[in-house]
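>>> Here is a sequence together with a model predicted from it:
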Amino acid sequence: MGRIVKGLTLSVIASSVVIAGGYKIPEQSLNSMALGAAYVAHTTGADTAYFNPANMSFMDADKSYVEGGLTLAHLPSNVYTLGGPYSGESEEENLPIPFLHYVAPAMGDLRWGVSLTVPGGLTKRWHTPFQKASAEEFTLKIIELNPSMSYKIAENFSIGGGLRLIYSEGKVKSNSADANAINPLVPSASRDMDGDTVEFGYNLALAYKPTNDINLAVTYRSNVDLKEEGTATIAAAPYGVLYDDDASVEVPLPAALNIAVSKTWNDQFTLEFNYERTFWSEYETLDFEYTGANSGLVPPAFDNALERNWKDTNTFRVGATIKMENKITAMMGFAIDETPVPEETIGFELPDSDAKIFSMGFRYQQTEDLSWGAAFLYDSKESISLVPGAYAEATSLLNNGGTFSEGGAFLTTIGVAYEY
């Protein structure tokens, strides 16, 4: 186990602080959750302001639309298997994700709307000794306020766009005291970092209706670099606190391009296909900045930039909507989602892998103006078997191999919509 001890020595000092691939959350309404985010071309409610603002031009011009709801994301434990005390299991997490959307009445060919969403985030905690040494807690919270407008160029063609106002908080903790108690060759050290930021971006959209039953759409959400600025405390035995001052780290909320088409039959059955390209390759390195007076005391392994080299990903989605005679609209979806994380740079902060996504839900039309419903989504992650010696950082614990299994996510959404 000599290589493992050597790897843990570096992990204690140079653990990654970014939340890994999969921290983007595209489902931000009841319909989008039920359809597995295959909801760009055929948007019909207040959530149009977020998913395709160009489509606001085709909604009833005299009405206002509002929708709100809550998603509970349940994240099962990830299991890492290597052998003996070096294996571990992360904590289960339950995260509330609220959303709120509004579309105002049209003003001629112009219309505006606004959305409040949580477009990304994660909490991953390990309390097992040798995972806690590098990832006791990794938390990223992101809130987006997205005002948008549409302009109807023709009866069947519209464009839209908006401003992304992002507030984000990050927290990182690591502690190798328990690992040191099992194996004294592992140094006892810790890091505790908090930060936040406000950033800006934009989104663009277009919608085209070649016929009454076919919708074509293209949307783009810009990359937003989240520079989390705050403080960090670094300590190591037997020296005590080495640094307690300002620190920052930057991670991307990546740009995403969606191309979608929908077809409706008899005003009852709609099928939508969606292709999403997410530009994760923006994330090449992870680099902490320490700007306090004692930054020279920070060990080089804490301060050295770490390679990440994520890759752009493709997601393929299909969603079906069925309007029934009993005031119920049934929805279901399926998606194939690639991970951006190469196996040679995976980490305990989020052991991500390719996924298959299954979703379903319903909306009940209580009155002419009021509807409500629920949706459920299951994100099934593939297991990952790491190849010994293939990890990018030769001294990392993960360079000894091992297997990540289980994990994934269960999301349950309830929502209420009103038109007036």
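On my side now, so go ahead.

>>> Could I get the full set of strands for the stretch 201-350 of the chain?
With DSSP state E, counting those that start in this stretch as the criterion, the stretch 201-350 of the chain has strands at 214-221, 224-236, 240-253, 256-265, 269-278, 285-286, 289-290, 306-307, 313-323, 328-337.

>>> quick one: which of those is nearest His42?
strand 256-265 (3.8 Å; Cβ to Cβ). For every residue, glycine as well, the C-beta is placed using N, CA and C.

>>> Paired strands for that closest one, with orientation please.
If you go by DSSP bridges, strand 256-265 pairs up with strand 214-221 (antiparallel), strand 269-278 (antiparallel).

>>> got the end-to-end distance for stretch 233-244?
One end of stretch 233-244 to the other measures 4 Å (Cα to Cα, to the nearest Å).

>>> swap in stretch 175-184?
Taking Cα to Cα as the measure, stretch 175-184 stretches 14 Å from start to finish.

>>> what is the mean pLDDT for it?
For stretch 175-184, mean pLDDT rounds to 90.

>>> what about it, distance to the chain center?
32 Å (Cα atoms, centre = their mean, to the nearest Å).

>>> Only the buried residues of it, if you could.
Judged by neighbour count (16 or more other Cβ atoms under 10 Å), stretch 175-184 contains these buried residues: 175-176, 178-180, 183.

>>> Pipe those into TSV and attach distance to Leu216 and secondary structure per row.
Supplementary listing: those in TSV, determined by distance: Cβ to Cβ, whole Å; DSSP: H, G, I helix; E, B strand; the rest coil:
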residue	distance to Leu216	secondary structure
Asn175	52	strand
Ser176	54	coil
Asp178	56	helix
Ala179	55	helix
Asn180	60	helix
Asn183	60	coil
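
>>> Look up how far Asn156 lies from Ala232.
55 Å (Cβ to Cβ, to the nearest Å).

>>> for this protein, which spans come out with low pLDDT?
1-22, 301, 394-395 (pLDDT under 70).

>>> how near is the residue of it positioned farthest from its centre to Asn55?
Relative to the average C-alpha location in the chain, and by Cα atoms, centre = their mean, no residue lies farther out than Pro238, which sits at 38.8 Å. Pro238 is 63 Å from Asn55, where distance means Cβ to Cβ.

>>> One more: Tyr283?
31 Å.

>>> same check, this time on Lys173
With the distance defined as Cβ to Cβ, Lys173 ends up 43 Å from Asn55.

>>> more neighbours, the two?
Asn55 (27 against 18; other Cβ atoms under 10 Å).
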